[in-house]
Each structure stands twice: as structure tokens, then as C-alpha cells.
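In: need the 3D shape of this:
(chains A and B)
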2 protein chains.
Amino acid sequence: MDLTELKLKSERIYEGRIINLRRDLVRLPNGREASREVVEHPGAVAIIALDDEKNVFLVRQYRYPINRETLEIPAGKLDVGEDPLECAQRELAEEVGLKGKEWRHLLTFFTTPGFSNEIMYLFLATGLENHKKDADFDEFIEVVRMPLDEAVSQVFKGTVQDAKSMVGLLAAARIL
Amino acid sequence: MDLTELKLKSERIYEGRIINLRRDLVRLPNGREASREVVEHPGAVAIIALDDEKNVFLVRQYRYPINRETLEIPAGKLDVGEDPLECAQRELAEEVGLKGKEWRHLLTFFTTPGFSNEIMYLFLATGLENHKKDADFDEFIEVVRMPLDEAVSQVFKGTVQDAKSMVGLLAAARIL
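Out: Next up, the predicted model:
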């Protein structure tokens, strides 16, 4: 059975700094019509930065949409036309002040396919070396280092509570 | 260090069927100002439905924002004022045609704290029994049953590629 929904009309609602919003009218597989709200996002990267003692580097930051501080793996949005690996290397330097000698692509996934097209590229960085930290002016970040197993425990304790970090840590713990 | 961002102004941009969008002006910890786009979402549930042979039930559906079919764990949005557990029980019946005798809350997490307040409640349902299937008119869903370990393999093969399903399957495989 073909489950595809066909676009009939598209309305631009908002063009923003990070996201855009549009609303489309679609034809469903049964011939009826429905509306679909789509948040357009440039895509993002996230990084498991693992040192030789199997510690990972997490970042503590304030997340305005949920009004709380979070403990996440390093991550960031893609610039227009930016290669995901280069973006990951840039974000690891900016947020954590590290560069990695070896990089491996682990997973690609969608954060919220129900209402957004955001795609997330997850990388593993090893062979870590210090790099000058150079954060964006509106990012305030504290770096936390802990054993990978401890970070996975924080997932189940609810301290690490954003989906990309949970995916990254649980996936890394399973394969490393 | 207090990383909180203080709301100075809030502008309603869109009130939709599933999501709303607002743009706030905030004061950063360093005193400067920045804008924050926030997609308001009612919250959602997701379910690891595990039978006595350690199979899980996945749903294949078309996701319009990413223009592809996905293989996900059962999930759905909260109705206004709805209890997450009741929502999970409703969604498992609607999407998969099952009810569970035992329910356990596994994790609560945020899908995209960078631009949305969506919160996701993840449950484990066991003691599964058949229930009349009763899908929403605009949901077209195929149910797929497979061993939990096989579903985790699908995560690493890229067949299961939405964050909540990856969190659910990887977390379940770690603790069950």
C-alpha cells in the first residue's frame, strides 16, 4: 500500500532566524484532504567525544523553550551548505574546546518527523586534543566530563533528558 | 553561574492544529538581548509494546515533513488535559490494536529542546491482548512485529530512524 501524502497547496507562514514554518494541504491515501504543519530546520550534528579513558564530554546549558538547564552531548545546527562532519568538528571546538584526530559517522536520524524535517548527524570523535574554545556570543556553556557508563546512568536517572543525547549515549554504550 | 534567559517580550506568530509558534525577546546572562523561536507542542507519548516472546510492535507510516515512510514505535500526541498513561493506552489500541495488562513508565524526555517544548513520555506495555483497532481517519498505519534485538539492529542499519523510537528501543534493550 502506498502511504504517500500528495501536496496540493503550500502556504509560507514564517521565515525565521533558525526555523521556518509552512502549512500544506495534502491528499491522503484514501482521497480525503488534510492539513500538515511543517517546521523547516537546517539540520544539525551531535557528537560523542570519547577520550582514551572512555569519558564523554557533555555540555550544560540553558534551553529557553523548556525553561531549564540541560546536560547534553555537544551539538549544533548546520550552516547553509555546510558539510556535517565539518560542522561537527567546528561545534566540538566551539562548545568544548577539543578537536578529534579520528571521526566516525555513527547514525543519522530525524528528531521529530511528525512536525519537522530536522535531520541529525551523529558522530564519534576520538583521539581528542585541546583546541582554543571559541563560543558563539549567545551560547553560555559549561563542559562536564564523565565516564560513558555514568552518562548512560544519567539517562535513566532523568538528568540527561534530550532525545539526541539519549540516542547518542545509548548507541555508543551499545557498540563501544 | 545562572544560565537562565529572561523573557522580555513575546509575540504570537501562529496558532495551529498541532503546533503553535511564538518568538520571544530574551535577556542573556551577559545582559545582551537575543530572539528565541519556540514551537509549542502539546506533548506526546511513545510505547514499547513487548510480548511474551520479547517481540516489539512497530508501525510503518508516511511522515509528511520528511517525505518518507518510517518504522517507529507506536506514539501519539496528548489531547488537552489527557493523562500520559491513558494517552499511551489509547494510542496502543488505536494504532496497533492491542491493550497491555501491565504498564510501566520508562523515561520522560524532550525531543528538540533547542526550538520546541515537546515532552515525550515513554512507557513499556506488557501482558498484551488483542483490542479492536480504531485508527484516526487521517492515519494510515501498518503494524510490524519483530524481536526487540532485531529492532535494535534496525536502528544501526538506519531503518528505524526517528529519535523517540531509537531512544525507546535502545533503552528497552539495555534494561530488559
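In: please, where are all the helices along chain A?
Out: A:84-91, A:148-157, A:163-175 (DSSP state H).
In: are the first one and chain B in contact anywhere?
Out: No: contact between helix A:84-91 and chain B is absent, the nearest approach being 12.5 Å (criterion: CB under 8 Å from any CB of the partner chain). (Glycine included, C-beta is placed from N, CA and C.)
In: ok, and for that helix, which residues are buried?
Out: For helix A:84-91, a neighbour-count test (16 or more other CB atoms under 10 Å in any protein chain shown) marks A:P84, A:C87, A:A88, A:Q89, A:R90, A:E91 as buried.
In: now the residue of chain A most remote from its centre: how far from B:R17?
Out: Here the centre of chain A is the reference, and by CA atoms, centre = their mean the most remote residue is A:G31, at 35.6 Å. As for A:G31, its distance to B:R17 is 20 Å (criterion: CB to CB, to the nearest Å).
In: ok, now A:V80?
Out: Distance, A:V80 to B:R17, using CB to CB: 30 Å.
In: those two: which is more packed in?
Out: Neighbour totals were compared for A:V80 and B:R17, and B:R17 leads with 10 against 5 (other CB atoms under 10 Å in any protein chain shown).
In: tell me, how many residues neighbour A:Q154?
Out: So A:Q154, with other CB under 10 Å, has 19 neighbours.
In: my read: it touches A:L71, true?
Out: Yes: counting by CB atoms under 8 Å, A:Q154 does reach A:L71; the two are 6.7 Å apart.
In: overlap of the contact sets of these two?
Out: A:V160 (CB atoms under 8 Å, 6 or more residues apart in numbering or on different chains).
In: so what's A:F156 up against?
Out: Counting by CB under 8 Å, 6+ apart, A:F156 makes contact with B:L107, B:A171, B:I175.
In: what's the pLDDT at it?
Out: pLDDT for A:F156: 98.
In: cool, A:E139 as well?
Out: So, for A:E139, pLDDT stands at 69.
In: which residues touch A:H41?
Out: Residues near A:H41 by CB under 8 Å, 6+ apart: A:I18, A:I19, A:K77, A:S116, A:N117, A:E118, A:I119, B:F115.
In: which pLDDT does the model give the fourth one?
Out: At A:S116 the predicted local confidence, pLDDT, stands at 98.
In: grab the nearest non-local neighbour of it.
Out: Nearest residue to A:S116, sequence neighbours excluded (CB to CB, 6 or more residues apart in numbering or on different chains): A:V39, at 4.0 Å.
In: was I right about the one you found contacting B:V39?
Out: Yes: taking contacts as CB under 8 Å, A:V39 lies within contact range of B:V39: 5.6 Å.
In: now list whatever residues contact both of the two.
Out: A:I19, A:L21, A:F115, A:S116, B:I19, B:L21, B:F115, B:S116.
In: would you format those as JSON lines with neighbour count and distance to B:V96 included?
Out: Output for the shared contacts of A:V39 and B:V39, formatted as JSON lines (neighbours: other CB atoms under 10 Å in any protein chain shown; distance: CB to CB, whole Å):
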{"residue": "A:I19", "neighbour count": "22", "distance to B:V96": "32"}
{"residue": "A:L21", "neighbour count": "24", "distance to B:V96": "31"}
{"residue": "A:F115", "neighbour count": "24", "distance to B:V96": "22"}
{"residue": "A:S116", "neighbour count": "26", "distance to B:V96": "24"}
{"residue": "B:I19", "neighbour count": "22", "distance to B:V96": "25"}
{"residue": "B:L21", "neighbour count": "24", "distance to B:V96": "32"}
{"residue": "B:F115", "neighbour count": "24", "distance to B:V96": "30"}
{"residue": "B:S116", "neighbour count": "26", "distance to B:V96": "26"}
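In: from the residues you listed, pick the one nearest A:Y62.
Out: B:F115 (14.1 Å; CB to CB).
In: tell me the contacts of that closest one?
Out: By CB under 8 Å, 6+ apart, the contact list for B:F115 reads A:I18, A:I19, A:V39, A:H41, A:P65, B:E37, B:V38, B:V39.
In: let's see it at 6 Å
Out: Residues in contact with B:F115 (CB atoms under 6 Å, 6 or more residues apart in numbering or on different chains) are A:I19, B:E37, B:V39.
In: specify which member of the residues you listed is nearest to B:L25.
Out: Nearest to B:L25 among the contacts of B:F115, with distances taken as CB to CB, is B:E37, at 11.2 Å.
In: quick check, that closest one in contact with A:I19.
Out: Yes: when contacts are counted by CB atoms under 6 Å, B:E37 is listed as touching A:I19 (5.5 Å).
In: skipping adjacent residues, who's closest to A:N55 in space?
Out: Leaving out its chain neighbours, the residue that sits closest to A:N55 by CB to CB, 6+ apart is A:R145, at 5.0 Å.
In: one step back: so what pLDDT did the residue nearest to A:S116 get?
Out: A:V39 carries a pLDDT value of 98.
In: how close does the residue farthest from the centre of chain A sit to B:Y121?
Out: From A:G31 to B:Y121 the distance is 34 Å (CB to CB).
In: now A:E72: closest residue in space, sequence neighbours ignored.
Out: A:S165 (4.5 Å).
In: burial of the one you found, as a residue count?
Out: By other CB under 10 Å, the residues close to A:S165 number 28.
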